[in-house]
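Asks: Next comes the sequence, and after it the predicted model I'd like to discuss.
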Amino acid sequence: MTRLAQATAIKRTKRPGAPNMKIAIIGVGAMGSIYAGMLSEAGHEVWAIDPWAAHVAAINADGLRLSGASGDRVINALRASVDISQVGQCDICVIATKASGVAAAAKAIAPVIGPDCLVLTIQNGLGADRRLAQHMPMHNVLLGVADGFGASMKGPGHAHHNAMKLIRIGEITGGTSPRLSALEALFQNAGFNAKAFENINTLIWEKFLCNVTFSAPCTVYEQTVGDLMEDQDHWMVALAAMQEAYRLGQAKNIAFSFEDPVAYVTAFGAQMPDARPSMLLDFIAQKPSELDAINGMVPVLSKELGLPTPVNDDLVAKVRLKEASFKG
């Protein structure tokens with residue numbers, strides 16, 4: 001039994017002396033900060049790794065403040081660094097960077113991956129597994145999807161989250177495994193609503209459809225989710241972009257859980273009319289977005305299958321033009 005399985009089994013039975021995990025969170029923006037803080041509160045040795053020096057300094061000096069769905073408090077036990085080489089080998093590495101940072105994270109974590117270290121990567125969009133595979137072996141990598149888990153940074157050392165709906169995790173190749181069950185238990189014991197799934201790739205694709213529907217369109221038109229849906233012309237563009245992604249998924253034999261993709265993404269958007277997708281928030285903050293992993297991934301994968309993507313081509317070009325305005 002691996003150390004992870006031993007720890008979760010002991011903790012479930014509430015026996016004293018449970019071995020703590022050594023966990024590195026790579027990318028402690030809003031989401032990564034929540035993972036780091038709550039796993040630290042659960043008694044694990046957590047390292048928060050991020051290039052934002054002011055954030056790292058604030059955590060080390062005053063602790064990490066979390067506010068929102070799970071309460072307002074300061075967590076002092078975790079350690080933060082801009083340099084992962086300071087960490088040493090870990091039991092678990094959670095890659096919580098934006099999609100554009102996955103490849104660099106994979107390259108950087110090589111020194112902290114032991115033979116039994118699990119790597120859980122949680123990003124929006126598609127392609128994280130491709131980016132990881134360029135720099136590291138994939139036999140210990142699992143995929144995660146955060147659902148209804150909006151969060152934002154209020155400043156260095158302070159993350160706020162609006163909800164904690166569900167973290168879905170699964171094996172890349174599908175199915176179940178003891179290590180997947182143990183990882184599910186570890187997150188649950190830390191206070192997350194987490195669930196292991198046999199078909200994680202289907203769930204990733206279903207979230208991808210929602211991301212494609214709202215990310216680039218909301219950014220191009222600078223609208224909230226609700227405003228986009230109420231604007232008939234803009235909503236038709238968003239749905240056309242989604243349909244291109246849906247056709248791609250069908251061509252790849254993705255077993256979607258629904259028959260009507262329009263109804264699916266409409267119901268998703270109706271739950272959060274005031275939300276601004278992270279791509280729009282990145283544009284407002286003049287930061288690089290996850291465009292390449294979301295709307296930009298539709299043309300890339302579709303081209304491999306000879307499928308046209310005129311709507312996403314146009315949206316991607318418009319977002320790139322917007323982002324070019326703050327690149328100097």
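Replies: Yep, it's here. The structure presented is a predicted model; accordingly, all values stated were derived computationally and were not measured. Residues are numbered from 1 along each chain as shown.
Asks: Pairing partners for the longest strand belonging to the chain, with directions?
Replies: Longest among the strand segments of the chain by residue count, using DSSP state E, is strand 113-122. When pairing is defined by DSSP bridges, strand 113-122 lines up against strand 90-95 (parallel), strand 141-147 (parallel).
Asks: nearest to residue 239, of the ones you listed?
Replies: Of all the strands paired with strand 113-122, it is strand 141-147 that lies closest to residue 239, at 21.1 Å by Cβ to Cβ. C-beta coordinates here come from the backbone N, C-alpha and C atoms, glycine included.
Asks: Give me the contacts around that closest one.
Replies: Contact with strand 141-147 is made by 31, 118-122, 128-129, 132, 165-172, 179-180, 183, 200-201, 203-204, 207, as judged by Cβ atoms under 8 Å, 6 or more residues apart in numbering.
Asks: do stretch 246-262 as well
Replies: By Cβ under 8 Å, 6+ apart, stretch 246-262 touches 199, 201-202, 205-206, 208-209, 239, 242-243, 264, 298, 301-302, 305, 307.
Asks: And it, end to end?
Replies: This stretch, stretch 246-262, spans 10 Å end to end (Cα to Cα, to the nearest Å).
Asks: which parts of that stretch are buried?
Replies: For stretch 246-262, burial by neighbour count (16 or more other Cβ atoms under 10 Å) applies to 246-249, 254, 261.
Asks: quick check: mean pLDDT across whichever strand or helix holds residue 206?
Replies: Here residue 206 is covered by helix 200-221, with elements defined by DSSP states H and E. On average, the pLDDT along helix 200-221 is 95.
Asks: List every C-alpha atom in it, with coordinates, as CSV.
Replies: The C-alpha coordinates for helix 200-221 follow below in CSV (Å, rounded to 0.1, in the frame of the first residue of the first chain):
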residue,chain,number,x,y,z
ILE,A,200,-12.9,11.8,-16.4
ASN,A,201,-12.2,12.6,-20.1
THR,A,202,-15.9,12.8,-20.9
LEU,A,203,-16.3,15.3,-18.0
ILE,A,204,-13.3,17.3,-19.2
TRP,A,205,-14.9,17.6,-22.6
GLU,A,206,-18.3,18.6,-21.2
LYS,A,207,-16.7,21.4,-19.3
PHE,A,208,-14.7,22.3,-22.4
LEU,A,209,-17.9,22.9,-24.3
CYS,A,210,-19.0,25.3,-21.6
ASN,A,211,-15.6,27.0,-21.6
VAL,A,212,-15.7,27.4,-25.4
THR,A,213,-19.3,28.8,-25.2
PHE,A,214,-18.5,31.6,-22.8
SER,A,215,-14.7,32.3,-22.6
ALA,A,216,-13.8,33.9,-25.9
PRO,A,217,-17.3,35.4,-26.6
CYS,A,218,-17.6,37.1,-23.2
THR,A,219,-14.1,38.4,-23.7
VAL,A,220,-14.6,39.7,-27.3
TYR,A,221,-17.9,41.4,-26.4
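Asks: for the stretch 151-300 of the chain, what spans make up the strands?
Replies: Using DSSP state E, counting those that start in this stretch, the strands of the stretch 151-300 of the chain run over 151-155, 158-161, 166-171, 194-196.
Asks: Mind giving me the packing neighbours of the third one?
Replies: So the one you mean is strand 166-171. strand 141-147, helix 178-189, strand 194-196, helix 200-221 (3 or more Cβ pairs under 8 Å, 6 or more residues apart in numbering; DSSP states H and E).
Asks: Direction included, what does that strand pair against?
Replies: For strand 166-171, pairing defined by DSSP bridges yields strand 141-147 (antiparallel), strand 194-196 (parallel).
Asks: roughly how far out does it sit from the chain middle?
Replies: 11 Å (Cα atoms, centre = their mean, to the nearest Å).
Asks: swap in the last one?
Replies: Between the mean C-alpha point of strand 194-196 and the mean C-alpha point of its chain there is a distance of 14 Å (Cα atoms, centre = their mean).
Asks: Next, give me the two most distant ones among the contacts of stretch 246-262.
Replies: Among the contacts of stretch 246-262, 199 and 239 lie farthest apart (Cβ to Cβ), at 25.0 Å.
Asks: Can you give me the end-to-end span of stretch 90-103?
Replies: 19 Å.
Asks: on that earlier part again, point out the most buried one among the strands paired with strand 113-122.
Replies: strand 90-95 (a mean of 26; mean count of other Cβ atoms under 10 Å).
Asks: who does whichever helix or strand comes after that one touch, helix- and strand-wise?
Replies: The helix or strand immediately downstream of strand 90-95 is helix 102-108, counting by DSSP H and E. On a contact count with 3+ Cβ pairs under 8 Å, 6+ apart, helix 102-108 meets strand 90-95, helix 128-133.
Asks: repeat that with 7 Å
Replies: helix 128-133 (3 or more Cβ pairs under 7 Å, 6 or more residues apart in numbering; DSSP states H and E).
Asks: Quick one: residues contacting the residue nearest to the spatial centre of the chain.
Replies: Taking Cα atoms, centre = their mean, the centroid of the chain lies closest to residue 123, which sits 2.7 Å from it. For residue 123, the residues meeting the contact criterion (Cβ atoms under 7 Å, 6 or more residues apart in numbering) are 98-99, 102, 293.
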